[in-house]
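# Give me coordinates for this.
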Amino acid sequence: MIQYSCSHGGVYSVDPRLVRVDFSSNVNPLGISESVLKILRKNLPKISSIYPDNEHKNLKKKIINYLDSGLSYDSINIGNGATEIIYNFARAFVRKQVIIPYPTFCEYELASRKIGAKIKHVPLKDWKLDVDSISEKTRNSDAIFLCNPNNPTGLFSYELVEKLVDKIDSSIKILIDESFIEFVDETKHPRTFIEKINEFRNVVVLRSLTKSFGLAGLRLGYSVSHPSMEKKISHNKITWNINGLAQLAGITALDNLSHLKKARKIITGERELMYARINHNLSSFSAIKSDVNFYLIRLSHGHCRQIRDLLLKKNGILVRECSDFKGMNDKYIRVAVRTHDENLELFDALESLDK
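Next up is the predicted model:
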């Protein structure tokens, strides 16, 4: 039996002792906020010794207020990171076959394979959703996994996503992973499918507090759907799946939106700076436009894994090599947008490898 693996970035994807700056993880460049840290330190003794709220009532209330969409408590599902909800979605709705546009986040395929489902892959067309090809392959399919903004390529237009959802039979469940949408430039006026969940009762929208608020180590995500969908997903949830510290961190983070707004402003400016520097000054690397907190860099020569290892060994900089993304070759690395000084370090390191 073939064992399917799913690779990720992050410091533990290599020898963590070598990593000074991690550009391979697409999280808030400011990390966790001081306000969250302060609350966690203050409440650590108490929270560590009591069982957490298994219904996540206060966190759900904060999420509903944050989304400002008139949602009910039974429309929200809380996960140990967005990844837990991907697996619970698969357990609830996947039986025989799923459709996954690619390249994309590998956990959709891994979760579906664990159910024993067949995977129908549909390649992107010029980095865009091929709505017609996806809809043509829906026969005998249980679900579609759709990442938007897509990891690793960036934002799909809302109109294309809506066109796809409109064309799909309502018996087919659709997971729309919006884990990076809060990093999209405000000038793009990104729309979320959360506003449509009562109209399209086969859609589940996934979000990640992990990425938006720098809570990667605490693991916290949520989904929004019609209550009938939420009930089936939560059926697979284990008791006390979210620890007390993660719940408190999420509640506090959603009270401090200035942290996210500051990060979004940094991302917009720094990403444009890096585009200009890389594309105007380097011949071996070209940065591909993105609307989110990460972007692809195309290599004119060399293997992406070799470039990753050189940057790590010489500079302590970790980037995400993309050869293990289905549909991508060995000519791409993916980098997160970080703080100004860190981004300049990356540019200088790339410049030293430029030929």
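# so where do the strands sit in the stretch 101-250 of the chain?
118-123, 143-147, 173-177, 203-208, 221-225 (DSSP state E, counting those that start in this stretch).
# Paired strands for the fourth one, with orientation please.
Translated: strand 203-208. Here strand 203-208 is paired, per DSSP bridges, with strand 173-177 (parallel), strand 221-225 (antiparallel).
# Give me the residues contacting it.
For strand 203-208, the external contacting residues (CB atoms under 8 Å, 6 or more residues apart in numbering) are 81-82, 85-86, 89, 165, 173-182, 192-194, 196-197, 220-225, 229, 233. C-beta here means a position set from N, CA and C on the backbone, and glycine is covered the same way.
# now do the third one
For strand 173-177, contacts defined as CB under 8 Å, 6+ apart pick out 82, 86, 89, 93, 105, 108, 142-148, 161, 165, 168, 193, 200, 202-206, 229.
# so where's the chain shaky on pLDDT?
Within the chain, the stretches with pLDDT under 70 are 1-3, 189.
# In the record's domain split, what are the boundaries for it?
What automatic domain parsing lists as the domains of the chain is 11-32+258-353, 34-255.
# Including distance to Tyr4 and mean neighbour count, could those domains go into CSV?
As requested, the domains of the chain are exported to CSV (distance: least, CB to CB, whole Å; neighbours: other CB atoms under 10 Å):
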stretch, distance to Tyr4, mean neighbour count
domain 11-32+258-353, 11, 18
domain 34-255, 5, 19
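# who wins for proximity to Asn28 among the strands paired with strand 203-208?
With CB to CB as the criterion, Asn28 lies closest to strand 221-225 of the strands paired with strand 203-208, at 14.2 Å.
# Redo the strands paired with strand 203-208 as CSV? Include distance to Ala117.
Output for these, formatted as CSV (distance: least, CB to CB, whole Å):
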stretch, distance to Ala117
strand 173-177, 12
strand 221-225, 20
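# so which of those strands gets nearest Arg41?
Across those, Arg41 has its closest neighbour in strand 221-225 (23.6 Å, CB to CB).
# Would you map the helices across the chain?
Shown for the chain, the helices assigned by DSSP state H span residues 34-48, 57-67, 82-93, 107-115, 131-136, 158-167, 209-212, 227-234, 244-253, 257-281, 304-315, 340-353.
# Distance from stretch 174-188 to the middle of the chain?
The gap between where stretch 174-188 is centred and where its chain is centred comes out at 9 Å by CA atoms, centre = their mean, to the nearest Å.
# gap between the two ends of that stretch?
24 Å (CA to CA, to the nearest Å).
# quick one: contacts for Gly31?
Residues near Gly31 by CB under 8 Å, 6+ apart: Gly214.
# Tell me the spacing between it and Ser25.
11 Å (CB to CB, to the nearest Å).
# Name the nearest residue to the residue most central in space within the chain, ignoring sequence neighbours.
Among the residues of the chain, the one closest to the centroid is Ser179, at 4.1 Å (CA atoms, centre = their mean). Nearest residue to Ser179, sequence neighbours excluded (CB to CB, 6 or more residues apart in numbering): Ser208, at 3.7 Å.
# Who does that neighbour form a beta bridge with?
Beta-bridge partners of Ser208, as defined by DSSP bridges: Gly221.
# okay but Ala111 is in contact with Ala90, surely?
Yes. Judged on CB atoms under 8 Å, Ala111 makes contact with Ala90 at a distance of 4.0 Å.
# Please report how far the closest residue to Ser133 other than its chain neighbours lies from Glu136.
Of all residues not flanking Ser133 in the chain, Val122 sits nearest, at 5.0 Å (CB to CB, 6+ apart). As judged by CB to CB, Val122 and Glu136 stand 9 Å apart.
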